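Pasting a predicted model and its sequence here:
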Amino acid sequence: AQKITQTQPGMFVQEKEAVTLDCTYDTSDQSYGLFWYKQPSSGEMIFLIYQGSYDEQNATEGRYSLNFQKARKSANLVISASQLGDSAMYFCAMRPPDNYGQNFVFGPGTRLSVLP
Amino acid sequence: DTAVSQTPKYLVTQMGNDKSIKCEQNLGHDTMYWYKQDSKKFLKIMFSYNNKELIINETVPNRFSPKSPDKAHLNLHINSLELGDSAVYFCASSPRDRGYTGELFFGEGSRLTVL
């Protein structure tokens, strides 16, 4: 069974600093997708970044980058130049190889607080 | 022109009542899901449908019944509501196209409070 672990229930970062949110996963599949979602206090789920298991380059989207270490089964999210609006819950998620309605598994989330 | 829309956004009801949450997506996606987010923010899949066919039916009480009249709609009906059903329910959809990342597109969530 697939499992996502996020060991940091809460993180603090100073505005304009970089922060890394940890995510490790467990799967026996060779092909899978890894995602990060942001959930601000307003409650909506916002897709941030995607990494395919066969992608050789780490994914980047603006200030977000994914530090993918396949052998360690980790997919950490790096947010550069933190902003106050980055304060939110962040979820790491994994999708199995076939997107035929299969289960996305989510981690328990990390609550990030950006301090002014 | 919201991509995935859920109604109602808030629902407050008494124990024992029956309620429904509706979900519609205008993205042309084949797959739709219901997720439950509990008070600790943990997201757990409840159901998924692909082209109106039930794919995943996780261990949820049979008081919860999904219905997909067409591939753009997935409604959730809950009978005999209990206190523990209080949560935020998210509808989501995803395409099945090979090569696509397959990310989930979420609705805004429906916060159910059972008194």
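Here it is on my side, so go on.

Run through the bridge partners of A:Met11.
Following DSSP bridges, A:Met11 is listed with bridge partners A:Leu112.

Paired strands for the helix-or-strand element of chain A with minimal mean pLDDT, with orientation please.
When each helix and strand of chain A is scored by mean pLDDT, DSSP states H and E, strand A:105-106 comes last, with a mean of 92. According to DSSP bridges, strand A:105-106 forms sheet pairs with strand A:88-95 (antiparallel).

now the least confident helix or strand of chain A, how far from the centre of its chain.
Its chain's average C-alpha position is 11 Å from that of strand A:105-106, according to C-alpha atoms, centre = their mean, to the nearest Å.

tell me which parts of chain A are close to chain B?
A:33, A:35, A:37, A:39, A:43-45, A:47, A:50, A:52, A:89, A:91, A:93, A:95, A:99-106, A:108-109 (C-beta under 8 Å from any C-beta of the partner chain). (Glycine included, C-beta is placed from N, CA and C.)

Buried members of these into PyMOL, please.
Command for PyMOL, covering only those of the residues of chain A next to chain B found buried under the criterion 16 or more other C-beta atoms under 10 Å in any protein chain shown:
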select buried, chain A and resi 33+35+37+39+45+47+50+52+89+91+93+95+99+101+102+103+104+105+106+108+109
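
Show the contacting residues for residue 69.
No chain specified, so I'll use chain A. A:Gln69 makes contact with A:Ala75, according to C-beta atoms under 8 Å, 6 or more residues apart in numbering or on different chains.

was after chain B, sorry
By C-beta under 8 Å, 6+ apart, the neighbours of B:Pro69 are B:52, B:75.

Check B:Tyr100 and give its pLDDT.
In this prediction, B:Tyr100 carries a pLDDT score of 59.

Sorry, slip of the keys, the one I care about is B:Asp30.
86.

That one and B:Pro95 touch, don't they?
Yes: because the distance of 6.5 Å satisfies C-beta atoms under 8 Å, B:Asp30 is recorded as touching B:Pro95.

higher neighbour count, these two?
B:Asp30 (19 against 16; other C-beta atoms under 10 Å in any protein chain shown).

What values do phi and psi take at the more buried one?
phi -90, psi -30 (degrees, to the nearest 10).

Quick check: closest non-adjacent residue to it.
Once flanking residues are discounted, B:Asp30 sits nearest to B:Arg96: 4.4 Å by C-beta to C-beta, 6 or more residues apart in numbering or on different chains.

is it true that that neighbour lies in a strand?
No: read with DSSP: H, G, I helix; E, B strand; the rest coil, B:Arg96 is coil and lies in no strand.

So it sits against B:Met32, correct?
No: contact criterion C-beta under 8 Å: B:Arg96 and B:Met32 do not qualify, at 11.2 Å.

Compare these two and say which is more crowded by neighbours.
Taking other C-beta under 10 Å, B:Arg96 and B:Met32 do not tie; B:Met32 has more neighbours (31 against 15).
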